[in-house]
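# Need a 3D model of the following:
(4 chains)
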Number of protein chains: 4
Amino acid sequence: MAPKVGHNSQAGGVAAGQLKAFVERIERLEEEKKVIADDIKEVYAEAKGNGFDTKILKKAVALRKKDPAEREEEETILQLYLQALGMLPQEEDDI
Amino acid sequence: MAPKVGHNSQAGGVAAGQLKAFVERIERLEEEKKVIADDIKEVYAEAKGNGFDTKILKKAVALRKKDPAEREEEETILQLYLQALGMLPQEEDDI
Amino acid sequence: MAPKVGHNSQAGGVAAGQLKAFVERIERLEEEKKVIADDIKEVYAEAKGNGFDTKILKKAVALRKKDPAEREEEETILQLYLQALGMLPQEEDDI
Amino acid sequence: MAPKVGHNSQAGGVAAGQLKAFVERIERLEEEKKVIADDIKEVYAEAKGNGFDTKILKKAVALRKKDPAEREEEETILQLYLQALGMLPQEEDDI
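So this is what the prediction gives:
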């Protein structure tokens, strides 16, 4: 198989200018993405500074992305499994 | 241990307004981050459409982040290891 | 910095025999690990074939690794957060 | 959708004994997997103690899994890209 390289050939058949342009666009976007990722960390740090538990906050954010009905069904099944595994506090009656 | 929750208490001692504000800031930032991640994928797709190998392009982008001297040293050591493992084409002389 | 290579030197100062021995031990162990990872997948597949929901089963397995008291506390805080975020079904009374 | 749970019902329709058996098999296998993962770490630590660079050793192990021809082709393309990006030491002639 021939190396998949660009047109408007230069060194080794690689379109150097085009390749550089792609790489620079990627690097710029990755830099922006990193800035936002740092912003997210800062919000969590600020929330922690205000007494919130960041691990559980993260879980709440994840749960918000789910469909409520689906989330509730999953929770119900999980409770059934935990009960079957003896992982829930004993109760007088069934759930 | 008492639940780590916020001040200006409402339901269960959680500062609902403050919590909502944090969650909404996080969700907005995550949305922005996703847009940028999609942009990056698009650039790679465009590069692929222009004949570049995206897996190797990704590798080149990663290598650009390294210090050139360090990168070269690592490459030298890798070549020594590959040679010792018989993974390089046989040569008349040593490297 | 000199390349960190082994003693009893051969090609390029790398102890080829020693390196090969390390690599072969690693490969053998990785192979064993893969076999076990496949076994785990098979158990999940078998559970699924018996009507269990594998995603939730995975969650139950993860929860079993936690200290019950810690797990319960986290669950309590999560419920507070979800309630504060209006993600729980409305109730007459507070939790 | 009805909760996907097992037969030979007990609490909540979950086959508790069957569920426990699956969970215990999974936990046993995960424990074995962890032991092997620790063994792999130990081999790397031992290699490091003998002067090998573990990060590069890891890379060599990964490269061994690839088809030599494919690996060589990828390396060739990578070199073309790095050259086009001006990341290789200047040479008198082209590659």
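
# Chain C contacts on chain A?
A:52-53, A:55-57, A:59-60, A:63-64, A:68, A:74, A:77-78, A:81-82, A:85, A:87 (Cβ under 8 Å from any Cβ of the partner chain). Just so you know, the C-beta spots here come from the backbone N, C-alpha and C atoms, and that holds for glycine as well.

# Go again with 7 Å.
A:53, A:56-57, A:59-60, A:63-64, A:74, A:77-78, A:81-82, A:85, A:87 (Cβ under 7 Å from any Cβ of the partner chain).

# Just send those residues back as JSON lines, with neighbour count and distance to residue B:35 too.
Output for those, formatted as JSON lines (neighbours: other Cβ atoms under 10 Å in any protein chain shown; distance: Cβ to Cβ, whole Å):
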{"residue": "A:53", "neighbour count": "20", "distance to residue B:35": "29"}
{"residue": "A:56", "neighbour count": "22", "distance to residue B:35": "27"}
{"residue": "A:57", "neighbour count": "21", "distance to residue B:35": "23"}
{"residue": "A:59", "neighbour count": "16", "distance to residue B:35": "24"}
{"residue": "A:60", "neighbour count": "23", "distance to residue B:35": "23"}
{"residue": "A:63", "neighbour count": "17", "distance to residue B:35": "22"}
{"residue": "A:64", "neighbour count": "16", "distance to residue B:35": "18"}
{"residue": "A:74", "neighbour count": "17", "distance to residue B:35": "28"}
{"residue": "A:77", "neighbour count": "22", "distance to residue B:35": "34"}
{"residue": "A:78", "neighbour count": "19", "distance to residue B:35": "33"}
{"residue": "A:81", "neighbour count": "28", "distance to residue B:35": "37"}
{"residue": "A:82", "neighbour count": "18", "distance to residue B:35": "38"}
{"residue": "A:85", "neighbour count": "18", "distance to residue B:35": "41"}
{"residue": "A:87", "neighbour count": "18", "distance to residue B:35": "40"}
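
# Helices - which of the residues you listed land there?
A:56-57, A:59-60, A:63-64, A:74, A:77-78, A:81-82 (DSSP state H).

# what residue lies at the spatial centre of chain A?
When Cα atoms, centre = their mean is applied to chain A, the residue found nearest the centroid is residue A:62 (8.9 Å).

# In chain A, where is pLDDT below threshold?
Filtered on pLDDT under 70, chain A yields the residue ranges A:1-13, A:90-95.

# Domain boundaries for it, per the record?
A:12-52, A:57-88 (the TED database).

# related to what we said a few turns ago, can you pick out the most distant pair from the ones in helices among the residues of chain A next to chain C?
Greatest spacing in these, by Cβ to Cβ: A:57 and A:81 (25.2 Å).

# and the helix of greatest length in chain A, what does it pack onto?
Scanning chain A for the helix with the most residues, using DSSP H, yields helix A:16-49. Judged by 3 or more Cβ pairs under 7 Å, 6 or more residues apart in numbering or on different chains; DSSP states H and E, helix A:16-49 is in contact with helix A:54-64, helix B:16-49, helix B:54-64, helix D:68-84.

# closest to residue D:45 out of these?
Checking the helices and strands packed on helix A:16-49 against residue D:45 by Cβ to Cβ gives helix B:54-64 as the closest, at 25.8 Å.

# from the chain's centre, how far out does the closest one sit?
Put simply, helix B:54-64 sits 12 Å off its chain's centre (Cα atoms, centre = their mean, to the nearest Å).

# repeat for stretch A:78-94
Computed by Cα atoms, centre = their mean, the chain-centroid distance of stretch A:78-94 equals 31 Å.

# gap between residue A:71 and chain B?
15 Å (Cβ to the nearest Cβ, to the nearest Å).
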